[in-house]
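Asker: My questions are about this predicted structure, shown below with the sequence.
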Amino acid sequence: MTNTVKLVFNNAETTPKSCIIECTEESVHSVMAWYGAYHAGDRYTVTKDARDVRMDLNGEPVDD
């Protein structure tokens, strides 16, 4: 069985302000990289299963 996670992107510069994406754990990096490229320069935050995700300057997740 595949582990599914919920990513929530909260972007002050878009309408709607929040976007929810359900994906596999293995897809998180790719989804965040795409969102970061598409919304470059926007101010946004990301949570994964209701926990803040640290990001680099490109919007990709930073491993703790």
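Answerer: All right, it came through fine.
Asker: only C-alpha atoms for contact and neighbour calcs from this point on.
Answerer: Fine.
Asker: buried residues in the helix or strand harbouring residue 47?
Answerer: Assignment of secondary structure by DSSP states H and E places residue 47 within strand 44-48. Residues of strand 44-48 classed as buried under the neighbour-count rule (16 or more other Cα atoms under 10 Å) are 44-46, 48.
Asker: got the end-to-end distance for stretch 37-44?
Answerer: Distance across stretch 37-44, first residue to last, is 12 Å (Cα to Cα, to the nearest Å).
Asker: Outside of that stretch itself, list whatever touches it.
Answerer: Contacts with stretch 37-44, where a contact means Cα atoms under 8 Å, 6 or more residues apart in numbering, come from 9-13, 58-59.
Asker: Parallel or antiparallel, list what pairs with the strand holding residue 47.
Answerer: When sheet partners are counted by DSSP bridges, strand 44-48 sits next to strand 4-11 (antiparallel), strand 51-52 (antiparallel).
Asker: thinking again about what came up before, want to throw the buried residues of strand 44-48 into TSV with pLDDT and distance to residue 19?
Answerer: Conversion of the buried residues of strand 44-48 to TSV gives the following (pLDDT from 0 to 100; distance: Cα to Cα, whole Å):
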residue	pLDDT	distance to residue 19
44	97	11
45	98	11
46	98	10
48	98	12
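Asker: Save those residues as a markdown table, and put in distance to residue 2 too.
Answerer: Formatted as a markdown table, those follow (distance: Cα to Cα, whole Å):
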| residue | distance to residue 2 |
| --- | --- |
| 44 | 28 |
| 45 | 25 |
| 46 | 21 |
| 48 | 16 |
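Asker: and the two most separated of the residues you listed?
Answerer: Comparing every pair within those by Cα to Cα identifies 44 and 48 as the most remote, at 13.6 Å.
Asker: dump the residue contacts of residue 36.
Answerer: With Cα under 8 Å, 6+ apart as the criterion, the residues that contact residue 36 are 58-60.
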